Structure formats: C-alpha cells, structure tokens
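**Student:** quick one, what's the 3D model for this:
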Amino acid sequence: MEILNNVKSFREFIMFKYKSENTSKVYGSALASFLSHYSDLKEPKDINADQIIQYLLQFKNLSTRRNAHSAIKLFYKYKSKHGESTKFRFIPYPEKPDTLPIHVNKDEFMKMFVACENEKHRAVISLM
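**Tutor:** Residues are numbered from 1 along each chain as shown. Coordinates of the predicted model:
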C-alpha cells in the first residue's frame, strides 16, 4: 500500500477544501497511523468496516477515537468516486457521554478568585 502517497494527496485535498493546516496535519497523522496498521493489505479499499471498528476501539481516549473516526471517514469519502463511502454506514460516531456540571462551593470559588492574577480572568470569575 502506498501510504505516503495516500496521506500526501489527502492532506492536499484538505488544504484545498478546508484551507486548514492544523486539520491537514492532524487528519494526515491519523490516516498515516491507520494505513500503517493495515500496511499488509494492497489498497485502502481492502479494509472492511469490522477492521475499521477494531482499529477505532483500540483508542481508550474518546477524543482520539472521534478524531480518527472523522479522519478515516473523510479519507474514504475523498477516495470514493461519488463522494460518499458505504464503509461508514454502520460505524457510529463515538458520542460524548452526558455529564452534569461540577458544582463549586463558596470556599473553592474564593480560592480561585484569590489565586487569579489576570484582571480579565478575575472579572469573569467575579461574574460567575
């Protein structure tokens, strides 16, 4: 598999479409890692949906998993002739769990206020 050529052309596509150097670097890195994981296969199209899921599940960090999912999905969308990939039809996007906000008691709030040295930050904290 020509990993470097795939990553290079994908990064150029991202720069052309989204004009974001940061996205290009992050997605390019995620794609390079993914394609390296399956370097024994001839083409990226030979990787099936179950293999993609197994690859994504290796990431314990939810943000990393979500980032890799987005990068791989966009790569397959870019590589498909009609701009849509059937590989991701049954691969759900990793959702963030719903969490309640953490409450800060009055003593903790005062410690934050006293420790803050920046006037702008202090003003924001005082409005809270």
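**Student:** find the centremost residue of this protein, please.
**Tutor:** The structure's the chain has its C-alpha centroid closest to N67; by Cα atoms, centre = their mean the separation is 1.2 Å.
**Student:** give me the nearest residue to that one, chain neighbours excluded.
**Tutor:** Nearest-residue entry for N67: A30, 5.9 Å, with adjacent residues in sequence omitted and distances by Cβ to Cβ, 6 or more residues apart in numbering. Where you see a C-beta, it was placed from the backbone N, CA and C, and this is true even at glycine.
**Student:** quick one: contacts for that neighbour?
**Tutor:** Shown in contact with A30 (Cβ atoms under 8 Å, 6 or more residues apart in numbering): 67-68, 71-72.
**Student:** which element is the residue nearest to the centre of the chain on?
**Tutor:** helix 62-79 (DSSP states H and E).
**Student:** just the residues contacting the helix or strand just after that helix, thanks.
**Tutor:** Using DSSP H and E, the helix or strand that follows helix 62-79 in sequence is helix 106-115. Contact with helix 106-115 is made by 104, 122, 125-126, 128, as judged by Cβ under 8 Å, 6+ apart.
**Student:** repeat the analysis, applying 6 Å as the threshold.
**Tutor:** Helix 106-115 is contacted by residues I125 when judged by Cβ atoms under 6 Å, 6 or more residues apart in numbering.
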